[in-house]
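A.B. asks: This is the structure alone, sequence omitted:
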């Protein structure tokens, strides 16, 4: 890479980081809404996994609720930022790796200007590329990174109370590396690539009996009942227009205590 190209790439990456900070940290009330989302679930001392921690807004919110947080973020620029921003929390452990179906190495496709959509899933890139929301996105860098699995994280740290997964099309691969149920799991859905979310529901169904609620965008308010069966959750996802907004599905394991 020529010197000028390297400078341009570095400038775009720093601009992407700044954009993410503005989007996720500077909007009034966002931290309060995250606490409202997780407050009924997370108790002091609970272990939580934040898979795809990005700039750490959810990791910090979970830590403030008293949780022990394993924050996982493979993008080097963001991992470095997280290391500085979470230094005040001795309850946050940062891992700069990806999470997927198997341990080893994987290729991370990075969008320098819009790093929130960096992904390890090249097929997902093609699918969302047809969506208006991704019309100006370019994945202009590739990086080989270390990859671990949820099972390996559980072997090392224990079974989490909550596992939040937001890895831009890699959610199904993350859950493919899990062989036991977790009480609470949330994962992102994007209507333009809805098959990923459907695969997540199928995987969780193989591990346990889950009930679902959906949120749209960064809202914490469910769009309907909060006890959808897997089939009801699938039907709602399939019915979403391909150009509709992204959101999260929140899965709760049905146990004798529920």
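C.D. replies: Structure received. The shown structure was predicted, so the numbers you read here are calculated from the model rather than taken from an experiment.
A.B. asks: Going by C-alpha atoms from here, please, whenever you check contacts or count neighbours.
C.D. replies: Will do.
A.B. asks: Need the distance between the two termini of stretch 221-240.
C.D. replies: End-to-end distance for stretch 221-240, by C-alpha to C-alpha, to the nearest Å: 17 Å.
A.B. asks: should've said stretch 95-108
C.D. replies: Span of stretch 95-108 from end to end, C-alpha to C-alpha: 15 Å.
A.B. asks: hang on, residue 185 in a strand?
C.D. replies: Yes. Membership of residue 185 in a strand is supported by DSSP: H, G, I helix; E, B strand; the rest coil.
A.B. asks: Is it in contact with residue 248, as I believe?
C.D. replies: No. Between residue 185 and residue 248 there is no contact under C-alpha atoms under 8 Å: 10.1 Å.
A.B. asks: Where does pLDDT dip in the protein?
C.D. replies: In the predicted model, the chain carries pLDDT under 70 at residues 1-29, 225, 256-258.
A.B. asks: Show me where it has its helices.
C.D. replies: 3-25, 30-38, 57-64, 76-85, 122-128, 150-157, 171-176, 195-207, 230-238 (DSSP state H).
A.B. asks: In TSV: these, plus distance to residue 95 and mean neighbour count.
C.D. replies: Listed next are the helices of the chain as TSV, based on distance: least, C-alpha to C-alpha, whole Å; neighbours: other C-alpha atoms under 10 Å:
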stretch	distance to residue 95	mean neighbour count
helix 3-25	18	15
helix 30-38	22	16
helix 57-64	12	23
helix 76-85	8	17
helix 122-128	23	17
helix 150-157	10	16
helix 171-176	15	23
helix 195-207	23	19
helix 230-238	32	16
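A.B. asks: Adding distance to residue 255, write those out as TSV.
C.D. replies: Listed next are these as TSV, based on distance: least, C-alpha to C-alpha, whole Å:
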stretch	distance to residue 255
helix 3-25	34
helix 30-38	19
helix 57-64	23
helix 76-85	35
helix 122-128	34
helix 150-157	20
helix 171-176	20
helix 195-207	13
helix 230-238	16
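A.B. asks: Which one, of these, ends up nearest to residue 92?
C.D. replies: Minimum separation from residue 92 across the helices of the chain (C-alpha to C-alpha) falls at helix 57-64, 6.8 Å.
A.B. asks: what helices or strands is that closest one leaning on?
C.D. replies: Counting contacts by 3 or more C-alpha pairs under 8 Å, 6 or more residues apart in numbering; DSSP states H and E, helix 57-64 is packed against helix 30-38, strand 47-51, strand 68-72, strand 92-95.
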